Structure formats: structure tokens, C-alpha cells
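Trainee: 3D model of this:
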Amino acid sequence: MNSLTVRTARWSARHPWRAIVGWLAFVVLCLVAGSAVGTNSARTADYRVGEAGRAEALAAEGHLERASTEQVLISARSGALDQTAARTAAEDLTARMRRLPDVASVAAPLLSGDRTVLMVEVALKGEERNAKDKVDALVEQTAAVQKGHPGLLLEETGSPSISKGVDQQRGDDLALSEAITLPVTLVTLLIVFGSVTMAGVPLLLALSSIAAAIGLSMIASHLSPDAGVGTNVILMIGLAVGVDYTLFYLKREREERARSGGRLGPEALVELAAATSGRAVVVSGCAVVASTATLYLASDVIFSSLATGTIVVVLVAVASSLTALPALLVKLGQRAERRAVRRARRGKPARPVRDARAGGRLWAALLRPAARHPRATLGFSVLGLLALVVPLAGLNITEMSRDTHSRAIPAMRVYDRLNEAFPQLRVTHQVVVRADASRAAEVGSALREVARRAGTDPLFTGASRIRTSADHRTSVLELKVPYLGNSAQAYDSLDHLRKEFLPATVGRIGGAEYGVSGDVARYADYPAHQNGRLPLVLAALLLVTFAMTVYAFRSVVLGLIGVVLNLLSAAAALGLLVLVFQGTWAEGVLGFHSTGSIGSRVPLFLFVILFGLSMDYQVFVVSRIREARLAGVPTRQAVLDGIRGSASVVTSAAVVMTTVFAGFVFLHIIEMKQIGFVLGTAVLLDAFVVRILVLPSAMLLLGEASWWPSRIRPAAGPAVEKAAARPSAVDVG
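Mentor: A predicted model of the protein is given here:
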């Protein structure tokens, strides 16, 4: 009772106002400090992986990097296009665009093959990642030309405007998700606690933790750059774990209050909760942090950003549950005592204290199969989970490209019309070669041979002129492909370049470095990069999970069980994801257009986050079992009573967490929908199948061996004998 957790809670309980004000000051300080230093956003170079990344780096060194471009389509509002009027509008637009400081060049107008659309392409200065911030000035000029030519229709698209539209859609989606999640979470907590005040405590602490984490993440971005997804994961994980940790603590405090029958004051109750659930919260938080840190091994700026956001918000949530929460509980307890005194003075009977330990008939019924038939329950449960794993055999992982974005974004609808009017411009491969300046003529000859071979290949439609750097060391050739970026033909054209054309030409130049970049190359190289890092991350994840479980419970057996159960629930959830999102049958139900694939970031993110979150339930449930066992209760009864006593809080936490994740299913971005679905499904499987059926069955079958190599000997005495003789509520039903 003198651990750091208890000492922290004791201080907060004895100085509640200092703790509450101190917490609020900490939240404000984090926000102010974060706003002062700002966010260090990831740069274009941070995203480079594989051959495409190396080729982009070579081009950038020669100042030949690909420029961000916007395309303005000029068409008739009705009937045939008046080409004279269209070219007049194009001249006006070109003159306006060239005057903008962020515009590098404006290409000559290009007429579509069917002569219905005239296109003006505008190249922007600076990095690709910053181009979306320069779009507004271009859109203003397009609108001005549109106003001067009302008979024509001017529409703008391009990577920068699409990126800006995606960001806007993501912001709107998150607002919708919060509008759905917060009320549902509050209703769930009202059902759990039956009190508006007690239901509001977890929600307020979670929201304050999120606010502090956002500020801290801005500071952390100067160590690990933010890829634009940090806030998303802070909101998602912060609300989930923030409510969960507070819920664990609150339920234990209410249980101890019921156990004491009103004989203990608020300070003593808080200390008891800190010694039990408080320790579980700290261990759970450390497990989430340790497992999430394995994402850094992926060597990817997006995963690093996700890891940083998750780690920061989990640590802040743990801190709030150890400092602000005990103080709030003491103040609420003191208020309840004053109310009880006033009721006594008025001659009214005291309100009965609800026994928070009661498992209820529902949990007894759910645990009865494991209690009476552990072998059969374990066998059927595992077989059921393995059945969900079967669709995983057809898993198709791809990088979610620009072609998969929602068509609710106006720039995407214009992008579709651009692809239809100018099919020859759908995909562009950049062939980059770097060699000694003395070999510039040889490189040029080899690239012209590449262009000639591409000209005889039906997968290509044309080539650009060869651009050479000022020092004559770097050369770039662009090749056009008339297929969408996510098509099989586009990937085949990339294979032809990398495996046939380049090795037979530039590959024969001694000392030359070369590679193919472009959108399709990026889409191909990123999943390959992730697949290469996946074994390392998973190995580290399994080791961390095993080590944390062994440390928490001093049991190698429980460590192995935890790893196996986490793998099983994650694989089952991923199998369900494949079944739902790679097919088309659920499109209408969940509001998405199937790409026939799963986003390349989803599986790894699922395994890492789920392993961490599953430790919440594992630590909380097994802590209750071990606590009973240390008190001398036989293992069988300790397992049943521990799970029955923790079932309500675990399932309540799972419902809250699932609600948070389910809110992301309503987002338009397909990868975020998949992440929300798979995490919500995994949490439900973990809470209702693994922790109520599989875990108790396994521990009942193992008996005392569950604690190996530790030995927990029942203490002798009448109290223990009485406990051993008492049948479990699950046994008697």
C-alpha cells in the first residue's frame, strides 16, 4: 500500500483542490506550449521508401523533382465547345496564373481527343506536401475567369486540390464521428453508473487528456514529424483508453465502498482503488506504450506519427487517472457524505449502497459453459475464431491511392472527367538516372532507347523529352500510360520498365544509379516496404507483450496465453475485415465502394494497437484472479469469481471502446473506415469471446499450472477453508 501509484493517489486525495487545479493547469500549459512551438509537419522526403523513394531523392538532388500540378478543364455548359471562346478563356487564365508567385510554369492548352475539353496545366513551386496550401490562390483565378466567361464551364483538379479536399473531408468526418461517439459514450456510462455526475467524470477526464495530448504532440512533432494523422489517432485512442482507465478505477472504488458498508471514508476508498485498479491502469498503460513503440521499427513516417500520438495520449490518460481522478472521487465522496448527513437530520433513511461486486445472472450464464465444460468451451470457441481467420487466406493488401478517394470531394469528380477526356495522361512514370557527367551522352542514348521500346509496347502511349540537370549528372525521362493508377495494366507497365527496359539499357552503364518513380511506383513500393518490415515489428510486438505479461503476473504460462489469444483475436478480426471490405455485399450497409483490397497500413496498425488494448482487459481480469488467489482462494474459484466480478466493467469498457471505433466507420476515407471496423470488431471479440470463454476455460484446465513458475500457496486458516467450501455463483447458476 505504499507504491508510487498509492502515494500519488493519497496526495491527490488529501489535497483534492490542488490536484484538480494542477491538472487543469497542466492541460492549459500543454496547449499553450504546443501552440507556441507549432507542429512540425512531415516533408516530402520523409515519405520516400523503396525504389520510388530513391529515384525521387536522385531527382531532387539534380533539381529535377516532379512538380505539383493543377489542371483546369474548360468545357461547354451545353452543346459543342466553342473553341475560340475556350482558347480566349485559356489565354486569360494563363496570364493570371503566371502572375502568381507560387506558380512555376503554365503549359500550353491541350485539346482532348473528342474536342470537347480544353485543359490548362499549372505547375507549382516548392514541395509536394506544401502544394495544397497554395491552391486557394489558383482557385480564385479560375473563379475570376469563370465569371468573365459565363458560357463556359471551368473546373479545377490536381493533386494539391485533391489533398486539400481530403483534409477538409477528414475534418468534417471527425466532427461527425465526435457528434455520434460522445452522446453514445455518455449514454453507455449512464447505464453503467446510473448517475449523470459519475458518468460525466470519465468523459471529462478523457476529453481533458485529449486536449493535453494534442498540445504535447505538437512539441513531440519536432522529434518525430507529424504526418497529419496524429490528431486522428489521439481522438480515437484517447477517448477509448481515457474512458476505460477511469472506468476501471471508478468501478473498483464503488466496489470497495460497498464492501466497507460505509465504514471507510473517501480518502481510504481511493487508496484501496489505487492499490488495485490503479496498479492495473499503470501496467495496462505501459503495455500499450511498449507495444505501440514497436511501430517505430516500421521505418515509416506515418506509422511513427501514429505511434507518437498513441503513446502521448495513453501516458496522459494514465496520469489523469492517478492524479485528477482520485481528487474528483474524494470531492464527490465528501459531497455524498454531506447529503447523507442532511438526510439523517431530516429523518430519511440512508440510500442503500449498491454492491458493485455483484456479477449478475447474465455474467453467471455467460460463464457457465466455461465453468462446467471447459474443454468443450475452449474447443468450440477456438474453432469459431479460427473459422473467422479463414478469409485471411485471400487477403489483398494495396496502397490506397488517389483513385480510391471519395467522390464526394469535388476535385475528385473533376479528376474523373480529366481521366476520361485525356486517357493518355492518366499515369506518368519518371525514369531517373544518375551517373558521372562524362557519361551524359551515354545516359541520354540509353533513355532514348527506353522511350523507343515503350513506344512499341501497348501499355505506353508516349514519352516526354529528356531533362538533364545543370551538372549533367542526373537525367529524367517521363513515360505516359493510358490506364488508371490502380489498374493491373498500370502495374504491368511498371514491371516492364523495372524488369525489362531499364536493365537492358541504362543498367549496362557502369556506375549508373537508376530507378522509376511516380504514383504507381509509390503504390507498389509502399506495401512491399511494409511487408518487409512486418516480421520485425511483429516479432518485437510478441516479445514485448510476452515480457509485459510475465512482469505483471510473474507467470510464463500466462505470458504465452496472452500472446496466443491476442494473435487469435487479431487474426479473426482481420479475417472479418477481408470478408466485409474485399467483397461488395456490405457496400450499401457501411457506405463504401469496395476496392477489392485492404489498406496497406491496416493490418500492422491493428496488430500493434489491439495487442496494447487487449492488455487492458488481460491485466484487469487476471489481476482480479491473482488478487483472489493471493488471498488464499483456490484457483478454480478465483478464476470464476475474478472473471465474474470483472465481467461487467470489461464489457462496459469494450462497449465504450467499440463505440469510439465504430464512429470511424462513418468516415468517407476507406482506410479509416477499415481501421475503425477492424478495431471495433477486435475489441468485441476480445471482450466477449476471449475473456469470457477462452481465457477462463484455459485457466480452469491448467489450474495451478497457470501461475508457473510462480507458486501461490493458499494461506491456512478458517477464512480460506470457508472460501474454498463456498461454491461459485457460476457453478450454482
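
Trainee: quick check: domain ranges of this structure?
Mentor: The record's domain parsing of the chain by automatic domain parsing lists 1-37+195-349, 50-164, 410-524.

Trainee: Give me whichever of the ones you listed is most buried.
Mentor: Counting by mean count of other CB atoms under 10 Å, domain 1-37+195-349 has the highest mean neighbour count of the domains of the chain, with a mean of 21. Yep, even glycine has a C-beta here, placed from its N, CA and C like the rest.

Trainee: any chance of the domains of the chain in a markdown table, plus mean pLDDT and distance to Val655?
Mentor: Converted to a markdown table, the domains of the chain look like this (pLDDT from 0 to 100; distance: least, CB to CB, whole Å):
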| stretch | mean pLDDT | distance to Val655 |
| --- | --- | --- |
| domain 1-37+195-349 | 86 | 10 |
| domain 50-164 | 93 | 36 |
| domain 410-524 | 93 | 35 |
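
Trainee: Among the ones you listed, which comes closest to Val564?
Mentor: Among these, domain 1-37+195-349 comes nearest to Val564, with 15.6 Å by CB to CB.

Trainee: Enumerate every residue touching the closest residue to Ser68 other than its chain neighbours.
Mentor: Of all residues not flanking Ser68 in the chain, Ala131 sits nearest, at 3.6 Å (CB to CB, 6 or more residues apart in numbering). Neighbouring residues of Ala131 by CB atoms under 8 Å, 6 or more residues apart in numbering: 68, 124, 159-160, 163.

Trainee: about what we covered before: compare the domains of the chain and report which one is nearest to Gln674.
Mentor: domain 1-37+195-349 (13.2 Å).

Trainee: what distance separates the closest one from the middle of the whole chain?
Mentor: 21 Å (CA atoms, centre = their mean, to the nearest Å).

Trainee: can you map out the strands along the protein?
Mentor: For the chain, the strands defined by DSSP state E occupy 69-76, 103-106, 110-111, 117-124, 152-158, 397-398, 427-434, 462-463, 467-468, 474-481, 513-517, 598-599.

Trainee: Make JSON lines out of the ones you listed and add distance to Leu366.
Mentor: Below are those laid out as JSON lines (distance: least, CB to CB, whole Å):
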{"stretch": "strand 69-76", "distance to Leu366": "58"}
{"stretch": "strand 103-106", "distance to Leu366": "65"}
{"stretch": "strand 110-111", "distance to Leu366": "67"}
{"stretch": "strand 117-124", "distance to Leu366": "60"}
{"stretch": "strand 152-158", "distance to Leu366": "54"}
{"stretch": "strand 397-398", "distance to Leu366": "36"}
{"stretch": "strand 427-434", "distance to Leu366": "54"}
{"stretch": "strand 462-463", "distance to Leu366": "66"}
{"stretch": "strand 467-468", "distance to Leu366": "68"}
{"stretch": "strand 474-481", "distance to Leu366": "56"}
{"stretch": "strand 513-517", "distance to Leu366": "55"}
{"stretch": "strand 598-599", "distance to Leu366": "32"}
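
Trainee: For Phe248, which of the ones you listed is the nearest?
Mentor: When the strands of the chain are compared by CB to CB, strand 598-599 sits nearest Phe248, at 31.9 Å.

Trainee: which strands and helices sit next to the closest one?
Mentor: Counting contacts by 3 or more CB pairs under 8 Å, 6 or more residues apart in numbering; DSSP states H and E, strand 598-599 packs against strand 397-398, helix 556-581, helix 670-685.
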